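**Student:** Model the structure of this input:
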Amino acid sequence: MMNYNRSKFRIVPFLLALLLLAACKGKPAESGTTSGTTTAPPTQSGNDTLSEPVGTTGETEPGETAPENPAESTLATSSPSMQSSSPATTKKQSTSSQTGEPVTNPYTSTEATTSQTTGATTPQQTSVEPVDTGALLVIGDRAMEHYYGVESALKKYGKVIGDIKAALPNVNVYAVFCPTAIEFTAPEKYHSGTRSQKWAAEVAYGALPDNVISVDVWSALNEHKDEYLYFRTDHHWTQRGAYYAYTAFAKAAGFTPYALSDYESAKAEGFVGTMYTFLGSNPLKENLKKNPDTVELFYPKTESTAQYFASGSLTNGVSIPVVSKNPENFPSSWKYGVFLSGDHPIIRIQNQTVKNGKKLLVTKESYGNALVPFLTDHYEEVYVIDPREFNASGKPSLNLTQKAKEWGITDIACVNYAFSATNSSFMNMLASLFPKN
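**Tutor:** Take a look at the predicted model:
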């Protein structure tokens, strides 16, 4: 377990550069119903930029080539690109403690093999020299964002979430800091010192007041780091990675999580995501294209209906599936959209069988999309909020301090991947949602 102490840390100065890229919208039509809901065209998202509204540009129909998602806001260093002299460590096949099946972490591979146990095709693990492009680190058929922790920004994260608790003292508030791929898949020098997301979580959680509950996602992921927790061609985690974050949340919240083997599951092949796009004209991107990701989908155990809304009035809702039953309808560049049909201002998920009086409010960017489906099995209602869609020029206003009381919220989970937690602009957006009344 991580030691969330409150000691001070030193930080190496660096240039914080926010790369803002346009948001795109895909339109793979779903058909039929999922868990009692009629499906609607999802909005392409997952880019987590701070400047553009979600899903406002470009549309595609099934069979067309969709606009490719830009990468998430990235913290870049002013240091020149450098190539590591340490080859990536060869990964070995491991066995999932949840399913008992072999699960390979296909991080640095370029050749495919077939598992004799499951029949599934997984890439052959090889040692590949990392290439640092400046903004990204590329290891064979995998690209990932560099991370640099900023102590002042991380402490602001703790303060903002502490202020949410102060505004709603009778609600359980959870801080869910989600590490990214480079923390577990790159040579040590790329995730040590202020690059360490374990360190970053300790600083952020150390700034929380005692009445906010921190969720140790880092340790849960580290225990399973040889599994397929992150995509190679995209900046998101897989739903398997999100599952282990769910188990950490369950531990913090005091309920028993389902085993991974309990879920109905499916797979969608051919995902080539944001990291491929973000490499631009770099020839290294071709290795990602030749070795696309597989998207695992795990369906909630209980039936729910879900709708998204443009504002806090919760009017004119559009039904969506919690997890798509038709992943083949999603374009190759946006298969992460199978979770919640992408990003939306507000999603309300109402469970048809759970009657425990508990209602959860989740604030998140796209990292939360793969996590929320697991949480729906434990709450009567789940409200999912994207802070980027409110309280800014041209966007509707939203006061979650009032709405949480109106909706009967009992629990709040602030789910942030490491870059959002280190981004003052995003944290300002989150803070604006919870004024002190």
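
**Student:** contacts and neighbour counts: CA atoms only from here.
**Tutor:** Will do.

**Student:** Ramachandran angles for Leu430?
**Tutor:** The phi and psi values for Leu430, taken as degrees, to the nearest 10, are phi -60, psi -40.

**Student:** Just give the nearest non-adjacent residue to it, would you?
**Tutor:** Spatial nearest neighbour of Leu430, excluding adjacent residues (C-alpha to C-alpha, 6 or more residues apart in numbering): Pro387 at 5.4 Å.

**Student:** who's in contact with that neighbour?
**Tutor:** Neighbouring residues of Pro387 by C-alpha atoms under 8 Å, 6 or more residues apart in numbering: Pro345, Thr363, Lys364, Glu365, Phe426, Met429, Leu430, Leu433.

**Student:** try it again with 10 Å
**Tutor:** Contacts were defined as C-alpha atoms under 10 Å, 6 or more residues apart in numbering; by that measure Pro387 touches 50, 344-346, 363-365, 398, 426-433.

**Student:** Please report the distance of Asn282 from Ser127.
**Tutor:** 21 Å (C-alpha to C-alpha, to the nearest Å).

**Student:** neighbour count winner among those two?
**Tutor:** Ser127 (16 against 11; other C-alpha atoms under 10 Å).

**Student:** I'd like to know how far that one sits from Ala186.
**Tutor:** Spatial separation of Ser127 from Ala186 under the definition C-alpha to C-alpha is 11 Å.

**Student:** doesn't Thr422 make contact with Tyr157?
**Tutor:** Yes. Using C-alpha atoms under 10 Å, Tyr157 and Thr422 qualify as a contacting pair, with a distance of 7.3 Å.

**Student:** got any residues that touch both of the two?
**Tutor:** Taking C-alpha under 10 Å, 6+ apart as the contact definition, Tyr157 and Thr422 share the neighbouring residues Glu151, Ala204, Asn416.

**Student:** Can you get me a residue count around Tyr205?
**Tutor:** Tyr205 has 29 neighbours, counted by other C-alpha under 10 Å.

**Student:** and what of the one 3 residues further on?
**Tutor:** Neighbourhood size, Leu208 [other C-alpha under 10 Å]: 24.

**Student:** does it count as helix, strand or coil?
**Tutor:** At Leu208, secondary structure determined by DSSP: H, G, I helix; E, B strand; the rest coil is coil.

**Student:** all numbers from here: first residue = 241
**Tutor:** In the new numbering, first residue 241, that becomes Leu448.

**Student:** That one - nearest residue in space that isn't next to it in sequence?
**Tutor:** Among residues not flanking Leu448 along the chain, Gly398 sits closest, at 4.5 Å (C-alpha to C-alpha, 6+ apart).

**Student:** Hmm, that neighbour is touching Asn451, no?
**Tutor:** No. Because the distance of 11.8 Å does not satisfy C-alpha under 10 Å, Gly398 is recorded as not touching Asn451.

**Student:** okay, these two: which has more neighbours?
**Tutor:** A side-by-side neighbour count of Gly398 and Asn451, using other C-alpha under 10 Å, places Gly398 first with 23 against 13.

**Student:** residue contacts, the more buried one?
**Tutor:** If a contact means C-alpha under 10 Å, 6+ apart, then Gly398 has 415, 441, 443-449, 452, 454, 661, 667 as its contacts.

**Student:** Noted, bye for now.
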